[in-house]
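>>> Sequence plus the predicted model coming up.
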Amino acid sequence: MTVERRRAARVLLLDGEDRILLLRGTDPAVPGVAWWITPGGGLEPGEDTRAAALRELAEETGLRKVELGPLVAYDTVAFSFQGQRYEQEQWFHLARVPGTELGLDLSGAAFDEHARLLTARWWTVRELRDTAETVYPNGLAEFLARLLTDGPPVLPVRLSAGV
């Protein structure tokens, strides 16, 4: 099986109570397995991470008027989805919204995304630390706690040791 390499933009979207929005996803090829992820996805040709992050946020949450903050983190992950293996370089933008209202409408998402995104939820750092559910990226609770305490880093930080 070949590995598709791609770049992705993700959003660490915080509300007015410092909770982060995560989306519950599944892979139709692996029934019964679910996880929580930040909004985001692959860059389309000609897109930079900012444009892709805004597009993906609108597609996955219905939010269209979000001001993206700085790039705060990056990571490289390996995963499979619908039988295809991926190696993904992903960049995380910070963003804030005052409320928790989402226009969650997955009709704008591509079919493969629509098949995997089930629901959205706002999480506190404590809930992230305490959950037994799978949350990506790995180490999100500790990174978010540092981000909330220290503010955005001057340069994006690496979240893990990579693939």
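That came through, no problem. Residues are numbered from 1 along each chain as shown.
>>> The helix or strand of the chain with the lowest mean pLDDT: what's the following helix or strand?
Across the helices and strands of the chain, mean confidence by mean pLDDT, DSSP states H and E is lowest for helix 111-116: a mean of 51. Moving toward the C-terminus from helix 111-116, the next helix or strand (DSSP states H and E) is strand 117-123.
>>> Please name the residues that touch the residue nearest in space to the middle of the chain.
The centroid of the chain falls nearest to Thr38 when counting by Cα atoms, centre = their mean (2.2 Å). Contacts for Thr38 were tallied using Cβ atoms under 8 Å, 6 or more residues apart in numbering; they are 10-13, 20-23, 92, 136-137, 140. C-beta coordinates here come from the backbone N, C-alpha and C atoms, glycine included.
>>> swap the cut-off to 7 Å and go again
10-12, 22 (Cβ atoms under 7 Å, 6 or more residues apart in numbering).
>>> before we move on, what about Leu148?
The contact partners of Leu148, taken as Cβ under 7 Å, 6+ apart, are 18, 125.
>>> so Ala73 makes contact with Val157?
Yes - using Cβ atoms under 7 Å, Ala73 is in contact with Val157, at 5.3 Å.
>>> Compare those two and say which is more crowded by neighbours.
Under the criterion of other Cβ atoms under 10 Å, the comparison of Ala73 against Val157 puts Ala73 first, with 23 against 16.
>>> pLDDT wise, what is that one at?
Looking at Ala73, its pLDDT is 97.
>>> In the chain, mark out all the strands, start to finish.
Per DSSP state E, the chain carries strands over the ranges 3-14, 20-26, 34-37, 40-42, 68-81, 84-96, 117-123, 157-158.
>>> Columns distance to Asp150 on top of the ones you listed, output as JSON lines?
Listed next are those as JSON lines, based on distance: least, Cβ to Cβ, whole Å:
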{"stretch": "strand 3-14", "distance to Asp150": "14"}
{"stretch": "strand 20-26", "distance to Asp150": "16"}
{"stretch": "strand 34-37", "distance to Asp150": "24"}
{"stretch": "strand 40-42", "distance to Asp150": "23"}
{"stretch": "strand 68-81", "distance to Asp150": "11"}
{"stretch": "strand 84-96", "distance to Asp150": "12"}
{"stretch": "strand 117-123", "distance to Asp150": "19"}
{"stretch": "strand 157-158", "distance to Asp150": "11"}
